[in-house]
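1. Generate a structure from the sequence data that follows.
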Amino acid sequence: MVTTIDSAGRVVIPKPMRARLGLHGGSEIEVILVGGHVEIHPRGVDVLVEQRSDGPLLRVTSGVPRLTVEDVRRLVEEDREA
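-> Numbers count the residues shown, from 1 in each chain. Coordinates of the predicted model:
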């Protein structure tokens, strides 16, 4: 997707990307200069690693909205269309 930088240096992340990443007004992101390009990474996701007999289980404890079955189906369909 193509977007523009305004005169204040702000970049708009397109709505479909924000929705897919769970970003909203006030979400923290990390901006990194890598070689000759800029990378933007969502921040603020806390993960708890629970050691279980069948292997580790990762639990997201904050920063990401809980997904419903409908959310997962929609995301799978979006990936198939991309």
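
2. can you give me the helices for this protein?
-> Here the chain has its helices, by DSSP state H, at 15-21, 69-81.

3. Packed most tightly, which of the ones you listed would that be?
-> A comparison of the helices of the chain by mean neighbour count, using mean count of other Cβ atoms under 10 Å, puts helix 15-21 on top with a mean of 13. Glycine gets a C-beta too; all of them are placed from N, C-alpha and C.

4. Return the list of helices and strands in contact with that helix.
-> Contact partners of helix 15-21 among helices and strands, from 3 or more Cβ pairs under 8 Å, 6 or more residues apart in numbering; DSSP states H and E: helix 69-81.

5. follow-up on the earlier one: ok, which of the helices of the chain comes nearest Asp46?
-> Nearest to Asp46, of all these, is helix 15-21, at 15.8 Å by Cβ to Cβ.

6. Could you find the residue nearest the spatial middle of this protein?
-> Leu21 (2.9 Å; Cα atoms, centre = their mean).

7. Show me how the record splits this structure into domains.
-> Listed by automatic domain parsing, the domain ranges of the chain are 1-43, 45-82.
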